[in-house]
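Visitor: Need coordinates for the following:
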Amino acid sequence: MIGYVTVGTNDLARAASFYDRLLEKFGAQRIFESEHAVMWGVSGNPASLCVTVPFDGKPATRGNGTMVALLAASTDQVDAVHQLALSLGGSDEGAPGLRGTSFYAAYFRDLDGNKLNCFLTL
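Guide: This is a model prediction of the structure:
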């Protein structure tokens, strides 16, 4: 069910170097890089770990920049999960849609303000 976990950083280069070394012990390698984030994964395993500078521009803390991502089976499921979260009192953090060329996702916060994402790689 868990697709990936994101943790925040205030120094992406430093954090990426740390996780490069740490995660190679699990056979993981970088599978995505941008100016704001780096993600690692293991071949054959859909779960991954991402380190990112928080999207809101505020400093990373133990909670800011942290997000749980739920792996969906279809774009319809992404849409439905996002709609359900909002109907249950959650707040919108990004409507369902394509990000980049192959990443379909929706972002929301739960009732306590925890950030979640429902996604599918197309």
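Visitor: For the rest of this, base every contact and every neighbour count on C-alpha atoms.
Guide: Will do.
Visitor: Going by neighbour count, which residues in stretch 6-16 are buried?
Guide: 6-10, 12, 15-16 (16 or more other C-alpha atoms under 10 Å).
Visitor: swap that for stretch 109-122, please
Guide: Under 16+ other C-alpha under 10 Å, the buried positions of stretch 109-122 are 109, 115-120.
Visitor: quick one: which of those is nearest to residue 73?
Guide: Nearest to residue 73 among those, counting by C-alpha to C-alpha, is residue 120 at 6.8 Å.
Visitor: Find the helix or strand that that closest one is a member of.
Guide: Secondary structure from DSSP states H and E places residue 120 in strand 115-121.
Visitor: who does that strand pair up with?
Guide: strand 67-71 (parallel), strand 103-109 (antiparallel) (DSSP bridges).
Visitor: hey, where'd the helices end up in the chain?
Guide: Listed in chain order, the helices of the chain (DSSP state H) span 12-23, 75-87.
Visitor: looking at these, which is closest to residue 33?
Guide: Residue 33 sits nearest to helix 12-23 of all these, at 9.8 Å, using C-alpha to C-alpha.
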